[in-house]
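1. Sharing a sequence plus its predicted fold:
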Amino acid sequence: MKTSLCLPLASLLLAAGLLVSFAAETDTAPVSPSVAKDSRCFELRTYHAAPGKLEALNARFRDHTCALFKKHGMEIIGFWIPTDKDKGAESTLIYILAHKSREEAKKSWDAFGKDPEWKKAQAASEANGKLVDKAESVFMSATDYSPMK
């Protein structure tokens with residue numbers, strides 16, 4: 001009888017593992033009732049530049065990346081640099097993009113990453129070393145009381 005229980009139990013564990021794996025790849029956070037139903041998908045990105053590379057990173061965005069974002073359907077909300085040294089003034093670039101949806105964000109990023117213009121700009125800008133040590137991304141929805149949705 002033990003062997004007959006092992007197969008269903010193994011199947012159940014496999015299915016649970018796949019479900020957990022799938023959940024890790026999707027947006028599983030509970031949605032607040034304060035999230036606006038008509039919110040676009042906003043993406044907050046924080047780049048930690050390699051030592052001494054912040055201005056080269058700014059130049060790449062200014063000269064290449066912004067145009068490619070627009071080409072691939074990403075709306076630029078804005079770019080910022082912290083004003084306090086201890087908060088990354090010398091090495092941090094923060095920006096926000098807006099997408100029609102999380103799915104559209106994925107499509108846009110996939111197309112951007114494959115774009116020959118991006119590959120060329122990235123290679124040229126990193127000829128003397130990489131520009132970014134660490135990049136972080138947070139997807140956000142506007143609240144129902146936010147002036148920007």
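-> Right, received. Where do you want to start?

2. so where do the helices sit in this structure?
-> Along the chain, counting by DSSP state H, helices occupy 2-25, 54-60, 66-71, 102-114, 116-125.

3. Point out where this protein drops to low pLDDT.
-> Applying pLDDT under 70 to the chain flags the ranges 1-30.

4. these two touch, right, Leu97 and Lys70?
-> No. Counting by Cβ atoms under 8 Å, Leu97 stays clear of Lys70, with 10.4 Å between them. From N, CA and C alone the C-beta is placed, and that goes for glycine too.

5. the more surrounded of the two?
-> Of the pair Leu97 and Lys70, Leu97 is the one with more neighbours under other Cβ atoms under 10 Å, namely 22 against 11.

6. Show me what the more buried one bridges to in the sheet.
-> Glu43, Ile76 (DSSP bridges).

7. ok, Ser141 - how many residues close by?
-> For Ser141, using other Cβ under 10 Å, the count is 20.

8. if we can go back for a sec, report the set of residues contacting both of Leu97 and Lys70.
-> Common contacts of Leu97 and Lys70 (Cβ atoms under 8 Å, 6 or more residues apart in numbering): Ile76.

9. Can you report phi and psi for Ala50?
-> Per-residue torsions, Ala50: phi -60, psi 150 (degrees, to the nearest 10).

10. Against Lys114, how distant is it?
-> According to Cβ to Cβ, to the nearest Å, Ala50 and Lys114 sit 24 Å apart.

11. Lys134 now?
-> In terms of Cβ to Cβ, Lys134 sits 23 Å off from Lys114.

12. again, but for Arg45
-> 19 Å.

13. Then Ile94?
-> Taking Cβ to Cβ, one finds Ile94 at 25 Å from Lys114.

14. When these two are compared, which one has more neighbours?
-> Using other Cβ under 10 Å as the criterion, Ile94 and Lys114 rank with Ile94 on top: 15 against 10.

15. The more buried one contacts His48, correct?
-> No. Look at Ile94 against His48 with Cβ under 8 Å: they stay out of range, at 10.1 Å.

16. which residues touch Asp115?
-> Leu68, Lys71, His72.

17. Number of residues surrounding the second one?
-> What that stands for is Lys71. There are 14 residues near Lys71, going by other Cβ under 10 Å.
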